[in-house]
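# everything below, folded, please.
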Amino acid sequence: MLSRRTPGQSGFGSGDGQRGRVEEAALVTDEFLGHESHWPEGGVAERVERWLADLAETEEARRAALDGLWRLGPEDGEAVGPLGATLESGDGEARVFAARFLSLLGEGAGMAVPTLCRALDDADTDVREWSADALGRIGSRASVAIPRLEQMTQETDSWVRVLAQGALLKLDTRPQLIHALAGTKGSDDIALQCWGLSLVIDVADRYDEALPALLAYLGHHYDPHIEDIGRCLARKTEAIQPLVQALTTGEDWARRNAARVLGHQAAHTEVLIAALAEALSDPFPDVRWSAAGALSQLHSAGIDVRTATPALRGAAGDEESVDTRLTSQRLLDALVGPEGPSGPKASA
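Down below sits the predicted model:
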């Protein structure tokens, strides 16, 4: 099942319209994650119907519904019925969410191709954007949408254009689309830049076009889309060396963001752990906190970070930042608590 998305994961939103609404969906906290009491009884279709209805209910019900909807994956084909029906006849916000969650089904949303194709002409721009994205994720069964998607790449709305280009890239990889998406780095919208460049990497596997630009974004101060970049870069081992270099020699915010990005990595962890341990004594407080958080994230992913124990002891004892001190102490307790050292698996 596709992983539940958190702030900055491919929700990519930073403002108005659908991007604000979808980002809200991404802000579901772990308060509901894994709590079966918040899950309606019945099959997938029944649950999705209930969740869609709950989007208009209380804040607690809405957040629990979004948590459930973000768990949908390609194997949840039964969700196509209620999501497609909502896309056809729901209210504005519900239709946006229906298109967005259909995209999570990937190839499993194949039965919704006719509905999604009609939605490409919807009056709501947000519905059109996510319908295009969903069609791209469906794959060859959605090839009927190619002519309309090609028309959408000429529109003035930058988000419509980029999501249509991304969908076409999934359906028919062509060099001109790769160049067009890589060209989003010239946009003033950082979210749009990240989306286009991540498509270049994820779909076309073209690091030569996208990696330098994505690394350059590490200096964008406290940007929520740094996490998007992190998940994108962390899947490629080619990014490890420049990320470690950014952590050790970059400017303040570049070091802070490099640490956050490295927390998503799961290869060559002995190099990452050494760099993150050293960063616990960085002069910039945000770098130290991000390094402690990244080590905790690696530990949670099953990586043995015990070689960072001496640095964690120092951070837990002498750190002036409460956040960094507490994060380091919690990880230290997990590593060398009352039961002695623990570490799920050795560094790769």
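# break this structure into its domains for me.
Described in terms of automatic domain parsing, the domain architecture of the chain consists of the residue ranges 1-164, 236-348.
# lowest-confidence stretch among these?
Lowest mean pLDDT of those: domain 1-164, a mean of 75.
# could you export the helix ranked longest in the chain as CSV, keeping only the C-alpha atoms?
Ordering each helix of the chain by length in residues (DSSP state H) puts helix 285-300 first. Output of helix 285-300 as CSV, limited to C-alpha atoms (Å, rounded to 0.1, in the frame of the first residue of the first chain):
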residue,chain,number,x,y,z
PRO,A,285,21.3,25.1,16.6
ASP,A,286,18.9,24.1,13.8
VAL,A,287,21.6,21.8,12.3
ARG,A,288,22.1,20.1,15.7
TRP,A,289,18.4,19.5,16.1
SER,A,290,18.0,18.3,12.5
ALA,A,291,20.9,15.9,13.0
ALA,A,292,19.4,14.4,16.1
GLY,A,293,16.1,14.0,14.3
ALA,A,294,17.7,12.4,11.3
LEU,A,295,19.5,9.9,13.6
SER,A,296,16.2,9.1,15.3
GLN,A,297,14.6,8.6,11.9
LEU,A,298,17.3,6.2,10.8
HIS,A,299,17.0,4.3,14.0
SER,A,300,13.2,4.0,13.5
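# show me what that helix is packed against.
helix 252-262, helix 269-279, helix 309-318, helix 322-335 (3 or more Cβ pairs under 8 Å, 6 or more residues apart in numbering; DSSP states H and E). (Glycine included, C-beta is placed from N, CA and C.)
# so which of those helices is the most surrounded?
Highest mean neighbour count of those: helix 252-262, a mean of 25 (counted as mean count of other Cβ atoms under 10 Å).
# so for Gly84, which of the helices and strands packed on helix 285-300 sits nearest?
helix 252-262 (36.7 Å; Cβ to Cβ).
# run the angle between that closest one and helix 285-300 for me.
Angle, helix 252-262 to helix 285-300, by axes from the mean of the first three to the mean of the last three Cα atoms, to 10 degrees: 10 degrees.
# now helix 252-262 and helix 269-279, what's the angle there?
Using the same axes, to 10 degrees: helix 252-262 against helix 269-279 is 140 degrees.
# show me what helix 252-262 is packed against.
helix 226-234, helix 240-249, helix 269-279, helix 285-300.
# and the second one, which residues are buried?
Neighbour counts using 16 or more other Cβ atoms under 10 Å place 240, 242-244, 246-247 of helix 240-249 among the buried residues.
# redo the helices and strands packed on helix 285-300 as JSON lines? Include distance to Val160.
JSON lines is the format used below for those (distance: least, Cβ to Cβ, whole Å):
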{"stretch": "helix 252-262", "distance to Val160": "29"}
{"stretch": "helix 269-279", "distance to Val160": "38"}
{"stretch": "helix 309-318", "distance to Val160": "46"}
{"stretch": "helix 322-335", "distance to Val160": "40"}
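# return the member of the buried residues of helix 240-249 nearest to Ala134.
Taking Cβ to Cβ as the measure, Ala134 lies nearest Leu243 of those, at 31.7 Å.
# how about residues contacting the longest helix of the chain?
For helix 285-300, the surrounding residues in contact (Cβ atoms under 8 Å, 6 or more residues apart in numbering) are 247, 252-253, 255-257, 259-260, 262-266, 269, 272-273, 276-277, 279-282, 305, 308, 312, 315, 319-321, 323-324, 327-328, 330-331, 334-335, 343-344.
# apply 7 Å and report the result again.
255-256, 259-260, 262-263, 269, 276, 279-280, 282, 305, 308, 315, 319, 321, 323-324, 327-328, 331, 334 (Cβ atoms under 7 Å, 6 or more residues apart in numbering).
# would you map the strands across the chain?
Assigned by DSSP state E, the strands in the chain fall at 336-337, 340-341.
# tell me how far the closest residue to Leu215 other than its chain neighbours lies from Leu83.
The shortest distance from Leu215 to any non-neighbouring residue, by Cβ to Cβ, 6 or more residues apart in numbering, is to Pro242 (5.6 Å). Distance, Pro242 to Leu83, using Cβ to Cβ, to the nearest Å: 40 Å.
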